[in-house]
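K.L.:
next come a sequence and a model predicted from it.
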Amino acid sequence: MTARFHSFRFLLLAIPSLLLLFSSMNLSAQIKPFEVRLNYGPSLPMGQFASHEYKRDSIEYGAYALLGLNFTSEAVWYFLPYLGVGVNYSSSQYRIATYYYLEDKDADDPAASNFNMISGKWNIKSYMGGLVFRYPLTKKINLNLQGFGGIYRSQTPDQYYSANYFGIGNYRWFKSSATSYTYSFQTGAGLNYRLLENVALNLYAEYTYSQAVFYYWDPGFTVRTSEYMKIPLLKVTPGVTITF
């Protein structure tokens with residue numbers, strides 16, 4: 001009797017658990033577990049990165065970065081119906097406000113005039129991973145929230161300068177690009193509108209932040225200087241999500 005009683009009690013406990021498991025499996029089957037996202041659109045530089053403040057505490061400060069363009073690709077696996085892990089890659093470029101930068105540089109150096117510069121672009125790439133939360137608002141619209149961490153690769157632009165210096169005349173010099181690898185974090189939110197069975201249109205807003213450090217050598221490679229740059233970015237980009 002004791003053995004039968006224990007077997008009966010085990011069945012009473014097991015049946016609800018099995019029903020819950022089957023229900024979860026059925027829900028998982030209805031909500032596709034894999035997602036690939038491609039986005040392209042504007043990226044807004046903020047803080048020191050966008051600042052037009054030439055110097056702070058006698059050190060060059062602002063990067064004079066302008067509105068840029070960003071490409072993002074992301075892959076997510078949902079191990080639970082509404083919670084998944086993802087990897088994210090993004091690449092963006094930013095021109096600088098050359099006119100305002102040279103105007104401030106000219107005002108800062110009384111020994112020189114007629115500054116000119118040919119500048120490349122800032123190049124920023126990120127490689128991240130983290131968690132994604134998916135919540136259905138309607139039958140066709142999902143809300144996605146994400147929290148990622150990873151590596152930021154920031155590269156300054158190549159720049160070619162010329163200016164007239166008192167007692168010297170016309171002088172030209174070149175500042176080569178420098179690259180920084182630092183840790184970064186990203187938070188974001190997006191809306192997905194299901195257009196077809198496996199295709200959705202999306203709109204994402206993502207905020208990333210990193211503090212980069214760049215090292216430069218003097219022409220004789222005897223003195224190395226460090227430049228620090230805080231790089232907060234706000235990306236608001238449309239794109240396509242593919243589920244399977």
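P.N.:
The structure has been received and is ready for your questions. Numbers count the residues shown, from 1 in each chain.
K.L.:
could you use CA atoms for every contact and neighbour count after this?
P.N.:
Will do.
K.L.:
okay, buried residues for stretch 223-243 please.
P.N.:
Within stretch 223-243, the residues that count as buried by 16 or more other Cα atoms under 10 Å are 229-243.
K.L.:
which of these fall in strands?
P.N.:
Mapping the buried residues of stretch 223-243 onto strands (DSSP state E) picks out 229-243.
K.L.:
and Y204, how many neighbours?
P.N.:
20 (other Cα atoms under 10 Å).
K.L.:
that one and S43, how far apart?
P.N.:
11 Å (Cα to Cα, to the nearest Å).
K.L.:
overlap in contacts, these two.
P.N.:
Contact criterion Cα atoms under 8 Å, 6 or more residues apart in numbering; residues shared by Y204 and S43: K235, V236, T237.
K.L.:
need the residues you listed in CSV with distance to A97 and pLDDT, can you?
P.N.:
Rendered in CSV, the data for the shared contacts of Y204 and S43 read as follows (distance: Cα to Cα, whole Å; pLDDT from 0 to 100):
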residue, distance to A97, pLDDT
K235, 19, 98
V236, 21, 97
T237, 23, 98
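K.L.:
and these, which is closest to A50?
P.N.:
Distance to A50 across the shared contacts of Y204 and S43 (Cα to Cα) is lowest for K235, with 14.0 Å.
K.L.:
who's in contact with the closest one?
P.N.:
Going by Cα under 8 Å, 6+ apart, K235 touches G41, P42, S43, L44, N70, Y204, A205, E206, Y207.
K.L.:
also T72?
P.N.:
T72 neighbours (Cα under 8 Å, 6+ apart): R37, L38, N39, Y40, N88, Y89, S90, S91.
K.L.:
find the least confident helix or strand in the protein, judged by mean pLDDT.
P.N.:
Least confident element among the helices and strands of the chain, by mean pLDDT, DSSP states H and E: helix 2-30 (a mean of 43).
K.L.:
low-confidence ranges in the chain?
P.N.:
Scanning the chain for pLDDT under 70 picks out the ranges 1-31, 219-221.
K.L.:
quick one, strands of it?
P.N.:
Using DSSP E, strands in the chain cover 34-45, 55-56, 59-60, 68-80, 83-94, 112-119, 122-136, 141-155, 159-165, 169-175, 179-194, 199-217, 224-243.
K.L.:
in CSV: these, plus distance to D104.
P.N.:
Output for the strands of the chain, formatted as CSV (distance: least, Cα to Cα, whole Å):
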stretch, distance to D104
strand 34-45, 20
strand 55-56, 9
strand 59-60, 11
strand 68-80, 22
strand 83-94, 20
strand 112-119, 10
strand 122-136, 20
strand 141-155, 23
strand 159-165, 14
strand 169-175, 18
strand 179-194, 25
strand 199-217, 22
strand 224-243, 18
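K.L.:
can you say which of the ones you listed is nearest to D106?
P.N.:
strand 112-119 (6.0 Å).
K.L.:
next, the distance between the ends of stretch 101-115.
P.N.:
10 Å.
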